[in-house]
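J.: Sequence and predicted structure below; questions after.
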Amino acid sequence: MSRIKSLKDAVQQAIDNGARTAEEVYMRVSRLPFDQLERIAALEGVVRKARGRHDQSVARLYQTIRAINRRIGTLADQALRRLGLAPTPAPRPRKAKKR
């Protein structure tokens, strides 16, 4: 494997790990105000719904970041192969058709 491909893989992994860490930290920090607001009986239901929407939005955001990172990695792999800087992967064996 070429050094440039190794570097691309390392950067891609660092971005993925960074996104996961950022998501975990963000979710821990964002729990604090929701926890406090849920202690107020009059707000409990509204806050619980808001927390659910918030958590879903944050999860989608970080899923999107990781998906974009994977797609960019795939495009970079294709570019490196075209430039002759990375080996072409072996073809996948085809599955036999069921009759």
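T.: Looks like it arrived, so ask away. In this text, all values refer to a predicted model and were calculated from it rather than measured experimentally.
J.: which parts of the longest helix belonging to the chain are buried?
T.: Across the chain, the longest stretch assigned as helix under DSSP state H is helix 44-82. Buried residues in helix 44-82, counted by 16 or more other CB atoms under 10 Å: 47, 51, 62, 65, 69, 73, 76-77, 80. (Each C-beta comes from the backbone N, C-alpha and C, glycine too.)
J.: just those now: which is nearest Pro91?
T.: Asp77 (15.3 Å; CB to CB).
J.: ok, now which ones touch that closest one?
T.: Listed by CB atoms under 8 Å, 6 or more residues apart in numbering, the contact set of Asp77 reads 5, 8, 86.
J.: if I pick Asp16, what's in contact with it?
T.: Residues in contact with Asp16 (CB under 8 Å, 6+ apart) are 66, 69-70.
J.: ok, back up a step: okay, the contacts of Asp77 in TSV with pLDDT next?
T.: TSV is the format used below for those (pLDDT from 0 to 100):
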residue	pLDDT
Lys5	89
Lys8	94
Ala86	77
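J.: Of those residues, keep whichever come out buried.
T.: For the contacts of Asp77, buried by 16+ other CB under 10 Å: 5, 8, 86.
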